[in-house]
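A.B. asks: Model the structure of this input:
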Amino acid sequence: MGIGRSLDISASILASQLRGWRGAQAFRPARKQPGKMLELYDIEASPYCRLVREALTELDLDVLIRPCPARGLRFRPQCEALGGKQQFPFLVDPNADKSMYESADIIDYLRKTYDGRVRVDQGLRRKLAIGGGYAATLVRRMRGLFARPSTAPAQPLELFSFEASPFSRLVREVLCELELPYILRNTGKGHWKDLGPPGVRDKWHKSAKDTSRNRKVLFERTGAVQVPYLIDANTGASMYESADIIRYLEKTYGG
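C.D. replies: All right, here's what the predicted structure looks like:
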């Protein structure tokens, strides 16, 4: 591993620490699952979008991400056509014919609609959460904020990830910059025995592999539980390892 990548990973770990590792656990998933896929117009680097993605992990809800980085042209006009302005995050729930801006409203809606137990920060707690999110964005040197040229895929990609995963974040940043739509399969840790690096966790805890919905799916598909894991139905490719995924995305879709 080169020095540059080591620094990149360290900065991503620090970004998760600045948010107190919110968006890592799915100990109390939503009791209802949407029949149709939720859609989120999102900027990976936005502190407000980050709050929604953390809640989605903790509620164990999947979502179709439509990346809307600054200077992007692929999905920002769609957001404006649907909601009247280019503001993010913007949630579309086709199950209830509902759409909305404002991260706090979105989180509260998801909590109530899908019967979940997730904290909706208010007052000083919210200000601290947003401040931590801005700090995380600065630590990541604004990655996942600005659009880069790319070729649009015919079908959305699919990413097994959880919000606080330092390695998954590196992939999500590239997906956002390239404006590549993807189904975010939230793969939060469903039990305290899942906590910690895989090597330590598997050696000391011997945790079951199916402690959350998508961890079970991933284990049944690959025989392992590790994120990020990318599936591209456009090419038939599937792979673990953030470095390999990023190389693949840049080669296949990068401008």
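A.B. asks: hey, where'd the helices end up in the stretch 151-255 of the chain?
C.D. replies: 166-177, 198-204, 213-222, 242-253 (DSSP state H, counting those that start in this stretch).
A.B. asks: quick one: average confidence on the third one?
C.D. replies: Same thing as helix 213-222. Regarding helix 213-222, the rounded mean pLDDT is 95.
A.B. asks: Give me the contacts around that helix.
C.D. replies: Where contact means C-beta atoms under 8 Å, 6 or more residues apart in numbering, the residues beyond helix 213-222 that reach it are 26, 29, 60, 62, 160, 185-187, 189-190, 194, 209-210, 224-227, 229, 240. Any C-beta I mention is one placed from the backbone N, CA and C, and that applies to glycine too.
A.B. asks: Buried ones in that helix, by neighbour count?
C.D. replies: Buried residues in helix 213-222, counted by 16 or more other C-beta atoms under 10 Å: 213, 214, 215, 216, 218, 219.
A.B. asks: And it, how far out from the chain middle?
C.D. replies: 17 Å (C-alpha atoms, centre = their mean, to the nearest Å).
A.B. asks: rewinding a little: now distance to residue 71 too, for the helices of the stretch 151-255 of the chain, in CSV please.
C.D. replies: As requested, the helices of the stretch 151-255 of the chain are exported to CSV (distance: least, C-beta to C-beta, whole Å):
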stretch, distance to residue 71
helix 166-177, 10
helix 198-204, 37
helix 213-222, 32
helix 242-253, 17
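A.B. asks: Lowest mean pLDDT across the ones you listed, which one is that?
C.D. replies: The lowest average pLDDT among the helices of the stretch 151-255 of the chain, as it happens, falls on helix 198-204, at a mean of 65.
A.B. asks: low pLDDT regions in this structure?
C.D. replies: The chain contains residues with pLDDT under 70 at 1, 195-207.
A.B. asks: count of neighbours near residue 81?
C.D. replies: Other residues within reach of residue 81, judged by other C-beta atoms under 10 Å, total 8.
A.B. asks: After the host helix or strand of residue 79, heading C-terminal, what element do we hit next?
C.D. replies: Secondary structure assignment for residue 79, by DSSP states H and E: helix 76-83. Next in sequence after helix 76-83, counting helices and strands by DSSP H and E, comes strand 90-93.
A.B. asks: In PDB, please show the C-alpha coordinates belonging to that next one.
C.D. replies: What follows is strand 90-93 as a C-alpha-only set of coordinates in PDB (Å, rounded to 0.1, in the frame of the first residue of the first chain):
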ATOM      1  CA  PHE A  90     -33.900  15.400  -1.600                       C
ATOM      2  CA  LEU A  91     -35.900  12.300  -0.900                       C
ATOM      3  CA  VAL A  92     -38.500  10.700  -3.100                       C
ATOM      4  CA  ASP A  93     -40.600   7.900  -1.700                       C
END
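A.B. asks: Using JSON lines, lay out the buried residues of helix 213-222 together with distance to residue 108.
C.D. replies: Formatted as JSON lines, these follow (distance: C-beta to C-beta, whole Å):
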{"residue": "213", "distance to residue 108": "22"}
{"residue": "214", "distance to residue 108": "24"}
{"residue": "215", "distance to residue 108": "27"}
{"residue": "216", "distance to residue 108": "28"}
{"residue": "218", "distance to residue 108": "29"}
{"residue": "219", "distance to residue 108": "33"}
